[in-house]
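Peer 1: no letters, just coordinates:
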C-alpha cells in the first residue's frame, strides 16, 4: 500500500494512503483510521494543490503522533464526512505493526 504525506506550503496537512481501489484516504485521529476523502482524491488526481511524497510506516506514525490528522471542533463537518465515507482502512491495514506506536490521546 502506498503511504504519503500531503503537504502545502511546507506544512504537513495529511497522512494519506492509496487504498487497494486507488482511492486516496486520509488519516483521522478521532477514529485511528484512514477514510476515503473525495477532496484528497480529487486533489491527488486533478487539482494538485498538495504535494504528495511517499513515506514509510515509521514516518507516518511520527507525523500522526505530531498531530497530522487531528482535527479540532472547527472542522467537525470534515470529521463527519470522513466518518461517513464509503471506504475505511484501519491504521493496522495501512501501517502494519508500526500502528501500535500511535499515541491515542483523546482531544476535546
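Peer 2: Arrived safely. Note that the coordinates shown come from a computational prediction; the quantities given were computed from them, not determined experimentally.

Peer 1: buried set for the lowest-mean-pLDDT helix or strand in the chain?
Peer 2: The least trusted helix or strand in the chain, going by mean pLDDT, DSSP states H and E, turns out to be helix 76-83, with a mean of 84. By neighbour count on 16 or more other Cβ atoms under 10 Å, the buried set for helix 76-83 is 79, 82. Where C-beta positions appear, they are placed from N, C-alpha and C, glycine not excepted.

Peer 1: just checking, what packs against it?
Peer 2: strand 24-28 (3 or more Cβ pairs under 8 Å, 6 or more residues apart in numbering; DSSP states H and E).

Peer 1: neighbouring contacts of the very next helix or strand once past the strand it packs on?
Peer 2: Next helix or strand after strand 24-28 toward the C-terminus (DSSP states H and E): strand 33-36. For strand 33-36, the surrounding residues in contact (Cβ atoms under 8 Å, 6 or more residues apart in numbering) are 16-17, 19, 23-28, 82-83, 85-91, 93-94.

Peer 1: are any of the residues you listed buried, and if so which?
Peer 2: 16-17, 19, 23-28, 82, 85, 88-89, 91, 93-94.

Peer 1: hmm, back to that, so how far is the least confident helix or strand of the chain from its chain's centroid?
Peer 2: 13 Å (Cα atoms, centre = their mean, to the nearest Å).

Peer 1: what angle do it and strand 24-28 make?
Peer 2: With axes from the mean of the first three to the mean of the last three Cα atoms, to 10 degrees applied, the angle from helix 76-83 to strand 24-28 works out at 120 degrees.

Peer 1: right, I'll call it a day here.
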